[in-house]
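Undergrad: just the structure for this:
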Amino acid sequence: MSMGSCDINALKLMKKGSVPGMDMAGTVMKCSTGMWKEGDRVCGMLLGGLSSTIVDKKMLDRYGMQGSCATYCRTQCDMICKVPETMPFEEACCMPCCMMMSFQAFNLKTWPYSNKSHEPILVLGAGTSLGLMTCQLGSMMGYKIMAVCEMTEMADVMSFGAEKTFDCNDPQIVEKIMKATQNALTMAMDCSSTDSSLAIAAKCMGSSGGTICCFPLMMMSAGGKTEELMTMDDDSKMETMMEKTMGINMHNIKIVRKLPTTMFGFDAEMMGCMFKPMPDETKHAHAFLKTFSTWMAEGKMKVLPSQMAQNQGMKNLILCMEECKSGGSKMMCKRLVCAMGETGPSV
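TA: Take a look at the predicted model:
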């Protein structure tokens, strides 16, 4: 399994009995539907600390959904995908969570999807693990990726598919982005989800407006006005608050918050906000996972930066999590890999 900033933030939501961890790779032990056979190599996203947000606990018990910090995991058979024999589990376990969160954020109406008009899309926090994967997925679908990151992250961001990068500390960043997008930007993915990055995204929107997608799991550690924004029980209230407290014109600009629970078909409540399941989103996620598996087999997926934890195995899990937590901002940019068993977790 691997962990990063999303996993650490999700710990704040956990209740007694919850198992953390959102990324896993391992071998199948048993599948009740026959979709997988014993010994199949698979990877997938689990809900980890987000299991505490599920409203219907009977649904949670039915699927046995918990996290990847375990020797054995249980999940929905159509929410995992095949790992090629040539890919080590240490690499495979670094991708599912960020890939699925990124896929969800694009809010596609169908899959497969190709953006034939090569529309520009702004990715903020592009140097984070989630940001890198969003750049990669967007580029593979045909979007023109405009990426905001630190100067030291620009080479990595470009290698994951960004067409142009912008220094997040540049005081003229808004003007430069608007010039590069010809005042026609209609979509932004805010993988930092701080009040400053949300403000940049809103100011860069074209004259016809657009949509900004942000991630509650990232907002939890952002501080500032962001934590207050996160508690708004409706996306439209976030837009109103940004207009009032930040002085930003939000006319025709829509903010959308995405939580992975909806892809699994669960109702969830997080910080007073309700997240309803979306059947179409779940259907597209199932189809996308098959494509994701093909991409891995064809060597098209660039693996996220990672490092092996100093402390391995279940007995050192707490030390591994402390290592991830103490990494601070560095762990936003890479995954920390930890083996729960000799051959990885079983599913």
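
Undergrad: where does the prediction get shaky in this protein?
TA: Within the chain, the stretches with pLDDT under 70 are 62-65, 220-234, 314-315, 327-332, 341-347.

Undergrad: quick one: the helices in it, in order.
TA: Secondary structure of the chain (DSSP state H): helices at 5-10, 57-63, 89-92, 96-105, 129-140, 154-159, 173-180, 195-204, 216-219, 226-230, 235-246, 279-297, 317-326.

Undergrad: F266 is nearest to which of the ones you listed?
TA: Ranking the helices of the chain by proximity to F266 (CB to CB) places helix 57-63 first, at 6.1 Å. (C-beta placed from N, C-alpha, C; glycine too.)

Undergrad: got the contact list for that closest one?
TA: With contacts defined as CB atoms under 8 Å, 6 or more residues apart in numbering, helix 57-63 is touched by 51, 54, 74-76, 264-266.

Undergrad: of all those, which comes closest to A92?
TA: For the contacts of helix 57-63, the closest approach to A92 (CB to CB) belongs to T75, at 14.9 Å.

Undergrad: is it correct that that closest one is in contact with C43?
TA: No. Between T75 and C43 there is no contact under CB atoms under 8 Å: 10.8 Å.

Undergrad: quick one: residues contacting E243.
TA: Neighbouring residues of E243 by CB under 8 Å, 6+ apart: 249-250.

Undergrad: pull stretch 12-24 out as CSV, backbone CA atoms only.
TA: Included here for stretch 12-24 are C-alpha records, laid out as CSV according to Å, rounded to 0.1, in the frame of the first residue of the first chain:
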residue,chain,number,x,y,z
LYS,A,12,-9.0,13.2,11.1
LEU,A,13,-12.3,11.7,10.1
MET,A,14,-11.6,8.2,11.5
LYS,A,15,-13.7,6.6,14.3
LYS,A,16,-12.9,3.6,16.4
GLY,A,17,-12.8,0.5,14.3
SER,A,18,-11.9,2.3,11.0
VAL,A,19,-8.9,1.1,9.0
PRO,A,20,-6.8,3.8,7.2
GLY,A,21,-5.2,3.6,3.8
MET,A,22,-6.6,4.4,0.3
ASP,A,23,-4.2,2.8,-2.1
MET,A,24,-3.5,-0.9,-2.4
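
Undergrad: residues of that stretch that come out buried?
TA: For stretch 12-24, the neighbour count (16 or more other CB atoms under 10 Å) marks 13-14, 18-24 as buried.

Undergrad: now stretch 129-149
TA: Those would be 129-139, 141, 143-149, for stretch 129-149 by 16+ other CB under 10 Å.

Undergrad: in stretch 97-107, which residues are buried?
TA: 97-106.

Undergrad: check contacts around M140.
TA: Applying CB under 8 Å, 6+ apart to M140 gives the contacts 161, 295, 300.

Undergrad: ok, and the most crowded of those?
TA: Most neighbours among the contacts of M140, by other CB atoms under 10 Å: G161, with 23 neighbours.

Undergrad: just the buried residues of stretch 12-24 now: which is nearest S2?
TA: For the buried residues of stretch 12-24, the residue nearest S2 by CB to CB is D23; the value is 4.6 Å.

Undergrad: now do the contacts for that closest one.
TA: Each residue near D23 by CB under 8 Å, 6+ apart is listed here: 1-3, 7, 43, 45-46, 68, 93-97, 335.

Undergrad: dump these to JSON lines, plus distance to M241.
TA: Shown next, in JSON lines, are the contacts of D23 (distance: CB to CB, whole Å):
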{"residue": "M1", "distance to M241": "37"}
{"residue": "S2", "distance to M241": "34"}
{"residue": "M3", "distance to M241": "31"}
{"residue": "D7", "distance to M241": "28"}
{"residue": "C43", "distance to M241": "38"}
{"residue": "M45", "distance to M241": "30"}
{"residue": "L46", "distance to M241": "33"}
{"residue": "S68", "distance to M241": "35"}
{"residue": "C93", "distance to M241": "37"}
{"residue": "C94", "distance to M241": "35"}
{"residue": "M95", "distance to M241": "34"}
{"residue": "P96", "distance to M241": "33"}
{"residue": "C97", "distance to M241": "29"}
{"residue": "R335", "distance to M241": "33"}
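
Undergrad: ok, which pair from those residues is furthest apart?
TA: Longest distance between any two of these is 15.5 Å, between D7 and C43; criterion CB to CB.

Undergrad: these two: which is more packed in?
TA: Taking other CB under 10 Å, D7 and C43 do not tie; C43 has more neighbours (30 against 27).

Undergrad: turn the contacts of helix 57-63 into TSV, including neighbour count and distance to K244.
TA: Listed next are the contacts of helix 57-63 as TSV, based on neighbours: other CB atoms under 10 Å; distance: CB to CB, whole Å:
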residue	neighbour count	distance to K244
S51	27	35
I54	20	33
R74	15	45
T75	20	42
Q76	18	41
F264	25	35
G265	16	36
F266	24	33
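
Undergrad: return the member of those nearest to A285.
TA: F264 (8.5 Å).

Undergrad: how much space between the closest one and K334?
TA: To K334, F264 is 26 Å away according to CB to CB, to the nearest Å.

Undergrad: what's the answer for L132, then?
TA: Distance of L132 to K334, computed by CB to CB: 9 Å.

Undergrad: over to C135?
TA: Using CB to CB, one obtains 15 Å as the distance from C135 to K334.

Undergrad: ok, I8 next?
TA: For I8, the distance to K334 (CB to CB) stands at 13 Å.

Undergrad: understood, closing this out.
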